[in-house]
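**Student:** I'll drop the sequence and a predicted model, then ask my questions.
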Amino acid sequence: MAATLFHVSEDGAIGRFDPRPLPSGAVGVAPIERVVWAIDAAHLHNYLLPRDCPRVTFYARHDRVGVTTDTEPLLAGTTASRVIAVESGWIDRIRRTSLFCYELPADGFTCIDANAGYFVSRDSVTPTRVRRIDDTLAELARHDVELRVMPSLWKLYDAVIASPNVSYSIIRMRNARPRE
């Protein structure tokens, strides 16, 4: 179990996280359950953006040896360990938005998806610490993330989900520009 879990919010005044209804399509728990969501440190970088910002995040899988032809175009030129792509229409909001990174005690949380780093608690949770992040771009750089700013995410989305050699997370694509 991770020693510390995290919850990132645009609200800096959360004194206690109470279980809330699950979003539709959530996996790993019954659809009628109410839970507190948390993320582990290894996946925290995926949430260092405004909540509604659509993004495609990925990194090379290290358990796949010898097959790299599909990852070469995705990772071309980067030395970062992870890539997060966002739409150019979101860059001003990313720059303006302050985030609050809450540290949560791991006690009482259950991992529901180790690949995504998702944890849930069915009980209320009091954060142990909160840190304000005013410069999201610098914070992403501290996490060894290459931020790609693109007019549309759909071509990259298709390439990433088709690659067996990358681990990925696709977040808030319902807020992305429509496919052309």
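**Tutor:** Happy to help now that I have it.

**Student:** Now tell me what touches the helix or strand hosting Ala159 from outside.
**Tutor:** Using DSSP states H and E, Ala159 falls within helix 154-162. The contact list for helix 154-162, computed with CB atoms under 8 Å, 6 or more residues apart in numbering, reads 56, 58, 70, 73-74, 85, 148, 150, 166, 168, 170, 173, 176-177, 179-180. C-beta coordinates here come from the backbone N, C-alpha and C atoms, glycine included.

**Student:** These in strands, which ones?
**Tutor:** If you go by DSSP state E, the contacts of helix 154-162 have 56, 58, 85, 148, 150, 166, 168, 170 in strands.

**Student:** The fifth one contacts Trp90, doesn't it?
**Tutor:** No. Using CB atoms under 8 Å, Met150 is not in contact with Trp90; the gap is 10.2 Å.

**Student:** Those two - which one has more neighbours?
**Tutor:** The neighbour comparison of Met150 against Trp90 (other CB atoms under 10 Å) goes to Trp90, with 21 against 14.

**Student:** does the more buried one sit in a helix, a strand or a coil?
**Tutor:** helix (DSSP: H, G, I helix; E, B strand; the rest coil).

**Student:** And what about the closest residue to it other than its chain neighbours, helix, strand or coil?
**Tutor:** Using CB to CB, 6 or more residues apart in numbering and skipping the chain neighbours, the partner closest in space to Trp90 is Cys53 (5.0 Å). Put simply, Cys53 is coil when judged by three-state DSSP.

**Student:** Contact partners for Cys53?
**Tutor:** Taking CB under 8 Å, 6+ apart, one finds 86, 90, 93-94, 171-172, 175 in contact with Cys53.

**Student:** Model confidence for Gly15, exactly?
**Tutor:** pLDDT for Gly15: 98.

**Student:** Which strand residues bridge the residue lying closest to Arg20 once chain neighbours are set aside?
**Tutor:** Among residues not flanking Arg20 along the chain, Arg34 sits closest, at 5.8 Å (CB to CB, 6+ apart). Arg34 has these beta-bridge partners by DSSP bridges: Pro21.

**Student:** Relative to Val120, how far out is Arg34?
**Tutor:** 10 Å (CB to CB, to the nearest Å).

**Student:** Dead centre of this protein: give me the residue that sits there.
**Tutor:** The residue lying closest to the centre of the chain (CA atoms, centre = their mean) is Asn46, at 2.4 Å.

**Student:** Check the gap between it and Gly15 for me.
**Tutor:** Taking CB to CB, one finds Asn46 at 25 Å from Gly15.

**Student:** what ranges do the helices span in this structure?
**Tutor:** 71-75, 91-96, 136-142, 154-162 (DSSP state H).
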